[in-house]
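**Student:** Fold the following for me, if possible:
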Amino acid sequence: MTQPSSQRPAPKLGLVINSIGVFDPGAKDRSERTIREHFERLVKSRQIDPQSIVTERIFGPHEAMMVADRLAAAQVDLVVIANVAFPNGQVFLTLATHPHLAQTPLAVIAEPEPAGPEWGTNAWCGVIMNNHVARQLGRPIVTLPGPFAGDAFQAAFDRLLRVAGTIRFLRRDFVCRFGDAPGGFHSATGDQLAFARVFGTRVDTVDLTAVMEVYRTGKAPGYLGEAAFADADIKRTIKQITDRREVQVEAAMIERAARLYHAYRAIIRANGYTSAAFRCWPEQNEPYIGVSACVAMGLLLANRDITAAACESDWPTAVAQSIGTLLSGKPAACLDWVNYTGGSEIIQLGHCGAGICGQMAGGKCRGAICDAIALHPVIRLGGGVMGPVHIGQFEFGSKTGLCLTQDRNDKFKLLAFRGESTPKTARGLTYSAVDMTVPEHRKLNELVLDGGFPHHLAVVMGDVSEEARMLCQFLGVEWVSPDNSLRPRPIGQRARTTRKALTK
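**Tutor:** Residues are numbered from 1 along each chain as shown. Next up, the predicted model:
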C-alpha cells in the first residue's frame, strides 16, 4: 500500500536563463554564474528536488518553446526566469502561455544594473516588460530583485520555494471529512468545486459508523488497500500521550483515545487522505462512542499523519490549516475566536482540547497547566464533561492567524495577521489556546466582521505572513490584513515590522 506524503515536498524548480545577444557580456556571465551557484546550493541543501532543471542561456521563442516543453514534461512545480540582461519578450510570453504550464507558479528575477559608466544589462527593465505581459494575460507572477548573492534576495527566494511546495501539495490534497458539520455550522460546509478550482482540494466523507467499526476491529479497508493496527501500537501511543505531561484522567480513557487515534490513522492510510476535518461532537461523547476526538486529532498532527485536523468537520478551515502547516513546517492549530476581538490587545484563540503533543508551552500559564491531559466541563453541552482533552497554551513565540472565506461573489479571501504569545499573554482558561498580543486588534475586529469571516481560523507557529501573501498572489485569492506592513507591495521588498515592534 503506497501512502501519499502529508508533508510539503521539496519543489522541482525549472530555472530558465534568458537574455538577448547584446549588452555587457561580462555582466551577463557574472549574473548567470551567481544564480547557477545559488541553484547548486539549493540542490545540495535539498531545498529543491534533485531533478530540478537549469537551462542554458536562451534568446528567442523557438528555444523558449523547447524549454517550455521540457519543463512541462518534467512536471516542475515552479518556473523561474532569470533575466541576466534585457530579454526577448517572446520568451516570457511563450513560457507564460504554454498549455501544460498554465497553473505552474511563475517568477521573474533580475539583478540591478552593474556599476559602470554605461548601461550594462537593462535586466530589470525586462522584468517590468514581462510583468506588463503577465498582467495583460491575467497570469499571476512574482518578481524578485537581486543581487542574487544578497541576503534579501535569498530570503525571498526561500519563501518562494516554500510557497511553490505548498501549492504543489494543495493541488494534491485529499481531505477526509469524518462526518458532516453539526447543525448550524454553515461556514464549515464550503463549495467543493470552487475549492477544487482555486486550491485543488478534493473532499471525501467517512461516516462515524465506519470510524467505530475500525475502532472495534482494528482494520480499515480503503482506496489503497487495508490498513490495520494492533495492541502494541496502542501501547506505544499511550506512552506518547502521557510522557512528560500531567494526566488528570483515568487510564481507560487514555486507552480509548489512543485506540481512536489508530482508527482514524488506519482510515487515513488506507485511503491516502492528506488532511482531515472531524465531527468531534456531540456524538463522540455519548456512551456508544464515549471518547473525545481531541487527543486523537492532536496526535494525527503531531505525528505528521496529516497536515490539518479541523474541528467540527470544518473542512474549509482545514485548507487554511494545511497552508499554515506547509508554509511553517510545523502543525498549525484549528481554533475559535474566543472573545470580543476589538476589546483587548490580547486576542484569545482557543478550542476545547485539541492540543498537539510536542508543541505545548509546558509549565504554568497564569496558574493553569500549559500541557495536560484533562477532562473538560463543556457548558455548551448542558454542563456535561468531555474527555480526554489536551489543554494548555501552544508554544510561545510569534504566530500568524489565517482565516479563509468565500464571499457571495464567489471570491476567496484570506485574512492574515501577526502577533506574539508569551506567558504574560496567557489567560489561563481550560482549553487549548493561543492567547496572543495583536497591536492592530481593533482593525482586526473590523476586518473579521466586515469581511464575513468564519468563527474558525488556523493559527500558525511562526510568522508566515509573507509566504501567505505570496501564495494568495499566485492563486488569485484576495489578501486581507490589519497590518499595514503586509499591504501588497513588490514581493522582494522585506517587511519592516519586527517582532519587537509587534509586541510593544
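**Student:** Poorly predicted segments of the stretch 301-450 of the chain, please.
**Tutor:** In the predicted model, the stretch 301-450 of the chain carries pLDDT under 70 at residues 377-385.
**Student:** scratch that, the stretch 51-200 of the chain is what I was asking about
**Tutor:** Residues of the stretch 51-200 of the chain meeting the criterion pLDDT under 70: none.
**Student:** could you pull out the helices for it?
**Tutor:** 61-74, 89-96, 123-137, 151-170, 192-198 (DSSP state H, counting those that start in this stretch).
**Student:** Any chance of JSON lines for those helices, columns distance to Pro25?
**Tutor:** Every C-beta, even on glycine, is put in place using the N, C-alpha and C of the backbone. JSON lines is the format used below for those (distance: least, C-beta to C-beta, whole Å):
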{"stretch": "helix 61-74", "distance to Pro25": "18"}
{"stretch": "helix 89-96", "distance to Pro25": "19"}
{"stretch": "helix 123-137", "distance to Pro25": "14"}
{"stretch": "helix 151-170", "distance to Pro25": "23"}
{"stretch": "helix 192-198", "distance to Pro25": "44"}
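**Student:** Can you report how many residues lie near the closest residue to Glu63 other than its chain neighbours?
**Tutor:** Distance criterion C-beta to C-beta, 6 or more residues apart in numbering; nearest residue to Glu63, sequence neighbours excluded, is Val91 at 7.7 Å. As a burial measure, Val91 scores 26 neighbours (other C-beta atoms under 10 Å).
**Student:** and Val91, what does it touch?
**Tutor:** Val91 makes contact with Val16, Asn18, Ile58, Phe59, Gly60, Pro61, Glu63, Ala64, Ile81, according to C-beta atoms under 8 Å, 6 or more residues apart in numbering.
**Student:** out of those, which are buried?
**Tutor:** Taking 16 or more other C-beta atoms under 10 Å as the criterion, what is buried in these is Val16, Asn18, Ile58, Pro61, Glu63, Ala64, Ile81.
**Student:** Relative to Pro482, which of these is nearest.
**Tutor:** Proximity of the buried ones among the contacts of Val91 to Pro482 (C-beta to C-beta) peaks at Ile81, which lies at 34.3 Å.
**Student:** Which secondary structure element is home to Ala320?
**Tutor:** Assigned by DSSP states H and E, Ala320 belongs to helix 315-328.
**Student:** could I get that helix in CSV with only the CA atoms?
**Tutor:** What follows is helix 315-328 as a C-alpha-only set of coordinates in CSV (Å, rounded to 0.1, in the frame of the first residue of the first chain):
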residue,chain,number,x,y,z
TRP,A,315,-13.0,21.2,6.0
PRO,A,316,-12.7,24.7,4.5
THR,A,317,-10.7,25.7,7.6
ALA,A,318,-8.6,22.5,7.2
VAL,A,319,-7.4,24.0,3.9
ALA,A,320,-6.2,27.1,5.7
GLN,A,321,-4.7,24.9,8.4
SER,A,322,-2.8,22.9,5.7
ILE,A,323,-1.5,26.1,4.2
GLY,A,324,-0.1,27.2,7.6
THR,A,325,1.4,23.7,8.4
LEU,A,326,3.1,23.6,5.0
LEU,A,327,4.4,27.1,5.0
SER,A,328,5.8,26.9,8.5
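**Student:** Please find the angle between the direction vectors of it and helix 151-170.
**Tutor:** Relative orientation of helix 315-328 and helix 151-170, computed by axes from the mean of the first three to the mean of the last three C-alpha atoms, to 10 degrees: 140 degrees.
**Student:** What residues sit buried inside helix 315-328?
**Tutor:** 315-328.
**Student:** Just after it, pick out the following helix or strand.
**Tutor:** For helix 315-328, the following helix or strand on the C-terminal side (DSSP H and E) is strand 333-337.
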